[in-house]
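Novice: Provided below for reference: sequence and predicted model.
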Amino acid sequence: MVSPSSREPDGTAGRKPPTHPFQIGAFRAYLMVRLSTILASNGMALIIAWEAYNIARQTMSPGQSAAQLGLIGLIQFVMVFVLTPFAGLVADNYSRTRIAMGTLSLLLFSAGILALSSYEGWISLPLIFALAALIGFARAFQGPALGSLGPNIVPKDLLPRAIAFSSMFWQAGSIVGPAVAGYAYAFKPYFAYMFSSALFGMAVIGMIFVGKVPQAARQRDRHPIGQIIDGLTYVRTNRLVFGAITLDLFAVLLAGTTALLPVYARDVLHIGSQGLGHLAAAPGIGAGLTALFFSFRPLRHNVGLKMMLSVGIFGLATIVFGLTAFMPQQTAIIVALFAMATWGSADMFSVFVRQSLIQLHTPDDMRGRVTSVSMMTISASNELGDAESGFLAALIGPIAAVIAGGVGAIAITLWWSRLFPELRNARTFDPPEVHLRPSHAGAAPAKEG
């Protein structure tokens, strides 16, 4: 199997090996795709939630309206959870660049329908629910394909730095996307969806410039179901990978607050759609600063313990955000923004360590399937977390739901530190010499993706 480190950057021969990810043209295009995608996705997701909540509030109570946000999250979770294992198989056996381009085209179509329906005034909850399912379908196949491309483009020794830059661009999109979408919606609602449509179009074009990348050849001697089982078995038997994935699953499932930001913006902090944009951008600011730091000073020592500490801080920041409901409005707004920025910084720290560990501890011919498992748990923590937050808020109120989630995330971190000592004791990102993996998943010759 040909690895990225054994080829010259941009497919040219006779040049010195790259010493920085930015020297690789395909990686620069890949960053543009990630930036455009997250700008569009985060902005569109925020406005979908805002419009759904406002449409529901015309005929429903705040609790019932919060439950509609939970339903949107549940729909997307079901789509991603059911399809992602098959999406990982597809990413390991077919061109990852073409899969990414196809899913981005579906997201472009969804954004266009939302823009048109908003412009003509026929947007509704049933339409939003239907498009949430389509978006979930696209994301199910996009995640394993796009997430597996980085290690195919960048040499192994540059991968942690590349992940830091990729995360920095991702978080920059998280900062700018919601803020711009919030301001665009305040001017004309359909402008926010047009903004997302243009960016998804840019991402499709960016995939053309990524070009073909080498990846392990299709495993023709192994049944597809057996290949899926191989990926699940690898994750389950590699305790470090399994511990990292499940820690994120349960922590974000409990302490994810993003689904309730429209509730806080409208009915708790009373700051409207522009204030919602600020709240949604604050985590990206904290995460972006953290990713920027890692791009120049990559983390090298005691990576597992530091990741677990960051998850604990993530839970603490969630509690502080929940408590802003009991503060004077001006103080509450400042504290809420600071808490969400800290929330994003801690989450970025955890994401950086987890992604580096998973990517470097997984052989390329299984990376799509292992990434699909990771994406499935991310979906469970994000979309199912949104559903859990919305439904729990309907039962006990949004304030109690946020605070309880933060407490739960801290408890999970303490439990996982005892349950997975391999994770707590991980000193560096370096994988062991021999991977524990199913015997059927042998390496195969490389192919062009």
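Specialist: That came in fine, so what should we check first? Numbers count the residues shown, from 1 in each chain.

Novice: any idea where the strands of the stretch 201-350 of the chain begin and end?
Specialist: Using DSSP state E, counting those that start in this stretch, the strands found in the stretch 201-350 of the chain span residues 214-216.

Novice: Residue ranges in it under the pLDDT threshold?
Specialist: Residue ranges of the stretch 201-350 of the chain with pLDDT under 70: 214-232, 235, 237, 256, 295, 298, 300.

Novice: Could you report the distance from residue 206 to residue 280?
Specialist: With distances taken as CB to CB, to the nearest Å, residue 206 is found 24 Å from residue 280. Heads up, the C-betas are built off the backbone N, CA and C, glycines and all.

Novice: swap in residue 270?
Specialist: Residue 270 is 16 Å from residue 280, by CB to CB.

Novice: Residue 206 and residue 280: which is more packed in?
Specialist: More neighbours surround residue 280 than the other of residue 206 and residue 280, with 27 against 22 (other CB atoms under 10 Å).

Novice: for that one, what are its contacts?
Specialist: Shown in contact with residue 280 (CB atoms under 8 Å, 6 or more residues apart in numbering): 42, 46, 178-179, 182, 258, 261.

Novice: Apply 7 Å and report the result again.
Specialist: Residues counted as contacts of residue 280 (CB atoms under 7 Å, 6 or more residues apart in numbering) are 46, 178, 261.

Novice: could the residues you listed go into CSV alongside neighbour count and distance to residue 54?
Specialist: Written out in CSV, the entries for those read as follows (neighbours: other CB atoms under 10 Å; distance: CB to CB, whole Å):
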residue, neighbour count, distance to residue 54
46, 26, 13
178, 30, 16
261, 29, 13
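
Novice: Please produce a markdown table containing those residues, extended by distance to residue 289.
Specialist: Compiled in a markdown table, the contacts of residue 280 are given as follows (distance: CB to CB, whole Å):
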| residue | distance to residue 289 |
| --- | --- |
| 46 | 21 |
| 178 | 17 |
| 261 | 20 |
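
Novice: show me where the stretch 1-150 of the chain has helices.
Specialist: 25-57, 62-93, 96-120, 125-153 (DSSP state H, counting those that start in this stretch).

Novice: My guess is residue 257 contacts residue 321. True?
Specialist: Yes - at 6.0 Å, residue 257 counts as touching residue 321 under the criterion of CB atoms under 7 Å.

Novice: and for the two, which residues touch both?
Specialist: Both residue 257 and residue 321 are contacted by residue 402, under the criterion CB under 7 Å, 6+ apart.

Novice: Those two: who's more crowded?
Specialist: The neighbour comparison of residue 257 against residue 321 (other CB under 10 Å) goes to residue 321, with 30 against 26.

Novice: How much space separates that one from residue 177?
Specialist: 20 Å.

Novice: from the middle of its chain, how far away would stretch 106-113 be?
Specialist: Relative to the centre of its chain, stretch 106-113 is centred 19 Å away, using CA atoms, centre = their mean, to the nearest Å.

Novice: just stretch 257-266 next, same as before
Specialist: In terms of CA atoms, centre = their mean, the centre of stretch 257-266 is set 19 Å apart from its chain centre.

Novice: what's the answer for stretch 86-96, then?
Specialist: Stretch 86-96 has its C-alpha centroid displaced from the chain centroid by 19 Å (CA atoms, centre = their mean).

Novice: Now it - C-alpha only, CSV.
Specialist: Written as CSV, here are the backbone C-alpha positions of stretch 86-96 (Å, rounded to 0.1, in the frame of the first residue of the first chain):
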residue,chain,number,x,y,z
PHE,A,86,-22.3,1.6,4.8
ALA,A,87,-20.9,5.0,4.0
GLY,A,88,-17.6,4.0,5.6
LEU,A,89,-17.5,0.8,3.4
VAL,A,90,-18.2,3.0,0.4
ALA,A,91,-15.3,5.4,1.3
ASP,A,92,-12.9,2.5,1.6
ASN,A,93,-13.8,0.9,-1.7
TYR,A,94,-14.6,3.9,-4.0
SER,A,95,-13.2,7.3,-4.8
ARG,A,96,-13.4,9.5,-1.7
